[in-house]
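> Compute the structure for the input listed below.
(2 chains)
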Amino acid sequence: MSFINYSSREINCKIVYYGPGLCGKTTNLQYIYSKTNPELKGKMISLATEAERTLFFDFLPLALGQIRGFRTRFHLYTVPGQVFYDASRKLILKGVDGVVFVADSQVERMEANLESLDNLRVNLTDQGYDLDRIPYVVQYNKRDLPNAAPLDELRRLLNPRGVPDFEACAGVGTGVFETLKAVARGVLKDLKQMNR
Amino acid sequence: MKQMQLVMYDEDFRKVLVVIQQLARDANAKGVFVVDRNGQLIGEAGEMRGIDTTSLASLTAGCIAATGGLAKIVGEDEFPVHFHQGQRDNLHITLVGGQIILVVVFDERSSLGLVRLRVKKAGALLARVFEDIRKKAERADARGGAGAAAQSPFSEITDEDIDNLFSM
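Presented below is the predicted three-dimensional model:
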């Protein structure tokens, strides 16, 4: 649920990075954080375990600039990917404006990808959203690994609807900003529709 | 259920500010913050300039969401009031009208009893302000958004506007 403040002329939107454990959601945010002009970003918060697994969420506020005289801010969140943190994942989807599904390209993670995608659909429905209607993009991460599944197969299984999708190696930044731009674009277009 | 988009106009924003500025004075608070349940900061008052309010808002919403989940597990609807005691500063967090979070930061110049008392009154006032905002949004929605759209700058966003955002 975006928040439009006419008084401070600001608009805030919430984007959630979803996906199975260790697929690279936090790495996406870390890369964005490391490459963004300090004036445009806030502090990145990671609520993680000692072993750096996300416990509740990562959070990165990002100011992209002005649109029609309104400062546009995106609040980027990740969910904890591990299966048993489902209650937390559900909470983080509250008020979401756009979703990025980060898939792990490794062949042996295909089942985890599918399970996480099903879980995303169910948890969105619980919050009153429909994955087929919300701004949504898919990122196939870890494309550089030798055991990465062919792109066609990933697309067939994880993106049958053909939403915008991107190949990525989040660790070195390939595809990270392309993914962010695509989801932000979707959110702003949605906002335009809503205010029509 | 999916929530409605929160749109705040100058007039409503000023009403919120009046309530929280008064609360900051009455409760001898260091800072008062109003946050929506999704973690967006709506307004602030008090002397705590320069702190990271964006993170404060996001973490407060996370805290309310987590304890709301706990409440459901033990058969409660919500735990609407939270108190965190620190060595110097304390946090009093209240869920107002099910949708808005009121955060009061206070130190030894105040007390939990005083904060609770003042928050009760301010919370009722804020609930009314946000109820009016909700009704206004519903009325605009019922008119098919026609009234709001006439003034909304977002109905006119072009692809070029969006592209310009990414020239970073």
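> Mind listing what's buried along the longest helix seen in chain A?
Using DSSP state H to define each element, chain A has its longest helix at helix A:176-194. Within helix A:176-194, the residues scored as buried using 16 or more other Cβ atoms under 10 Å in any protein chain shown are A:176-177, A:179-188, A:190-192, A:194. Heads up, the C-betas are built off the backbone N, CA and C, glycines and all.
> what's it packed up against?
Applying 3 or more Cβ pairs under 8 Å, 6 or more residues apart in numbering or on different chains; DSSP states H and E, one finds that helix A:176-194 makes contact with strand A:10-18, helix A:25-35, strand A:70-78, strand A:98-104, strand A:136-141, strand A:165-167, helix B:159-165.
> how about TSV for those, with mean pLDDT added?
Output for the helices and strands packed on helix A:176-194, formatted as TSV (pLDDT from 0 to 100):
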stretch	mean pLDDT
strand A:10-18	95
helix A:25-35	96
strand A:70-78	94
strand A:98-104	98
strand A:136-141	98
strand A:165-167	98
helix B:159-165	80
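> Let me know the angle separating the longest helix of chain A from strand A:10-18.
Angle between the axes of helix A:176-194 and strand A:10-18 is 120 degrees (criterion: axes from the mean of the first three to the mean of the last three Cα atoms, to 10 degrees).
> Alpha carbons of helix A:176-194, as CSV, please.
Written as CSV, here are the backbone C-alpha positions of helix A:176-194 (Å, rounded to 0.1, in the frame of the first residue of the first chain):
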residue,chain,number,x,y,z
VAL,A,176,20.4,-6.4,-9.9
PHE,A,177,19.5,-2.9,-11.0
GLU,A,178,17.7,-4.1,-14.1
THR,A,179,15.4,-6.1,-11.7
LEU,A,180,14.9,-3.2,-9.4
LYS,A,181,14.1,-0.8,-12.2
ALA,A,182,11.6,-3.3,-13.7
VAL,A,183,9.7,-3.7,-10.4
ALA,A,184,9.8,0.0,-9.6
ARG,A,185,8.4,0.7,-13.1
GLY,A,186,5.6,-1.8,-12.5
VAL,A,187,4.7,-0.2,-9.1
LEU,A,188,4.6,3.4,-10.6
LYS,A,189,2.5,2.2,-13.5
ASP,A,190,0.1,0.5,-11.0
LEU,A,191,0.0,3.8,-9.1
LYS,A,192,-1.0,5.6,-12.3
GLN,A,193,-3.8,3.1,-12.9
MET,A,194,-5.0,3.4,-9.3
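> now what about that helix, what contacts it?
A:2, A:11, A:13, A:15, A:28, A:31-32, A:35, A:64, A:67, A:72, A:74, A:76, A:97-100, A:134-137, A:139, A:164, A:166, A:168, A:170, B:5, B:145, B:154-157, B:161-162, B:165-166 (Cβ atoms under 8 Å, 6 or more residues apart in numbering or on different chains).
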